[in-house]
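Visitor: With the input below, show me the fold.
(one chain, ligands or ions: 1)
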Amino acid sequence: MSDRAIPYLIVATDYATTCSGTCPTCVLTKIERLRSYPATTAEKIIEGLQAAGAHYGRVGTLAVGIGRANVLDLPEESVGEIGRIVAGAATSFDHDELIVEVSTSLVGKIDRQIARAKAIMEASGQWGCDVRFVIVTNTALHSEKYWKNVDTFYAALADMRGGAGSEDSGDIIQLALSLDSLPDPRELAERIAEYRSPVNLTWAPAFDRGVSGDESLARLEAWIAEWYRLTSGDDMDSSLVYRIRQNLPMMESGMPEAVAHAAESSRAVVYVGTDGSWHNGLFTVLAEIDPARFDPSAPADRVAGTGPRDLRRFLTNPACASCEYSSACIASGSHRIGMITLRQFPEGTESCPSGLRAAFASASRERNSSAGRLSHGHA
Ligand code: SF4
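Guide: Here you go, the predicted model:
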């Protein structure tokens, strides 16, 4: 492991690991969901932070995630514990800037969670960092009541930060997809646009009961491509659009370069477990993935990765063998989602197992048409 400098490091901690929600693709166990207190102590998390910090050199921006699931529904003492974790992260990593990202599903009493968010923001003045909230939303729920909680939370945060006209907060909306209940993408995009927040997509194939046959993957691919089109056209702060555009030029690169790119981006994601252990995560064009959670059927030494055996299996899958975006897919880490999906398809798939092929194609068309416009302008 290298200790060379890194411009941006995400360190996600498994501190809370509880939520009483019902997302169909939740990676928590039933016991974890029923708990109303943190899964571990600040001291255990700090142990992991110190161990990981020893493997990193200078960090530009250190983004410490306080997760997983719903941190805002924990007892009041959690605010002090989070403060200790933040202080532990600050001393474990040599960094220029510190950001804290607190995960919440907003499931539970909303007033209590707003009060907890306020307490965390007030305390962060002493922690010496900015706080953002990562709001994990259940896209399977279409009811107004559900989204009203999100609206109420956003309105309260805007007040805390100086009113609705204050600068964008950086709070992040994370949309958890499930194949049996994909929402209407246009309706969802219109709703999300009102929050003026960066938006991420997540998909957990190992936990999605809607994965059944090629047809289900084709539906996902069409949905993600439509989401790409809508969020790219509306100029939303969409991580899918940003990361696909950033990685698309890699489609012209060779496989070794793509693999090296993916390996380096995984170095920028660290997960600290409840037992104080740590490991690198998987960077993808959807959200980052914790292999220990999202790829549970894989033995520890067979996590979806970039080793020759893994890549052979991936690149001989019928859909991937004929895919012109395979280098960009691997460079962006997206093939890892595909590899987790392929564990359920021993014969392989004709449809894209990561759901991203059509979105890559849209980005490619965008790039070609803007190159066409430019060359026309110079003619
Ligand atoms: S985009 Fe889809 S089909 Fe193409 S290489 Fe990646 S997982 Fe395979």
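
Visitor: Strands along the protein, start to end?
Guide: 6-18, 59-69, 95-104, 130-138, 172-177, 199-203, 269-272, 278-280 (DSSP state E).

Visitor: residues contacting the residue nearest to the spatial centre of the chain?
Guide: In the chain, the centroid-proximal residue (Cα atoms, centre = their mean) is residue 287; its distance is 2.2 Å. Listed by Cβ atoms under 8 Å, 6 or more residues apart in numbering, the contact set of residue 287 reads 174, 200, 201, 202, 239. Yep, even glycine has a C-beta here, placed from its N, CA and C like the rest.

Visitor: Number of residues surrounding residue 72?
Guide: Residue 72: 26 surrounding residues under other Cβ atoms under 10 Å.

Visitor: okay, it: pLDDT?
Guide: Residue 72 carries a pLDDT score of 94 in this model.

Visitor: wouldn't it be in contact with residue 117 here?
Guide: Yes: counting by Cβ atoms under 8 Å, residue 72 does reach residue 117; the two are 5.8 Å apart.

Visitor: gap between the residue lying closest to residue 137 once chain neighbours are set aside and the ligand?
Guide: Nearest non-adjacent residue to residue 137, counting by Cβ to Cβ, 6 or more residues apart in numbering: residue 175, 5.7 Å away. Look at residue 175 and the ligand: by Cβ to the nearest ligand atom, to the nearest Å, they are 20 Å apart.

Visitor: and residue 175, what is it in contact with?
Guide: Counting by Cβ under 8 Å, 6+ apart, the residues that residue 175 touches are 137, 139, 188, 192, 199, 200, 201, 202.

Visitor: would you list the residues you listed in TSV and tack on distance to residue 15?
Guide: Listed next are the contacts of residue 175 as TSV, based on distance: Cβ to Cβ, whole Å:
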residue	distance to residue 15
137	21
139	25
188	29
192	27
199	24
200	20
201	24
202	19
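
Visitor: Looking at those residues, which one is closest to the ligand?
Guide: Using Cβ to the nearest ligand atom, residue 201 comes nearest to the ligand of the contacts of residue 175, at 14.7 Å.

Visitor: Quick check: beta-bridge partners of that closest one?
Guide: With DSSP bridges as the criterion, residue 201 is bridged to residue 175.

Visitor: Any part of stretch 197-206 near the ligand?
Guide: No: judged by Cβ under 6 Å from any ligand atom, stretch 197-206 stays clear of the ligand, getting no closer than 11.1 Å.

Visitor: Show me what counts as buried in that stretch.
Guide: 197, 198, 199, 200, 201, 202, 203, 204, 205, 206 (16 or more other Cβ atoms under 10 Å).
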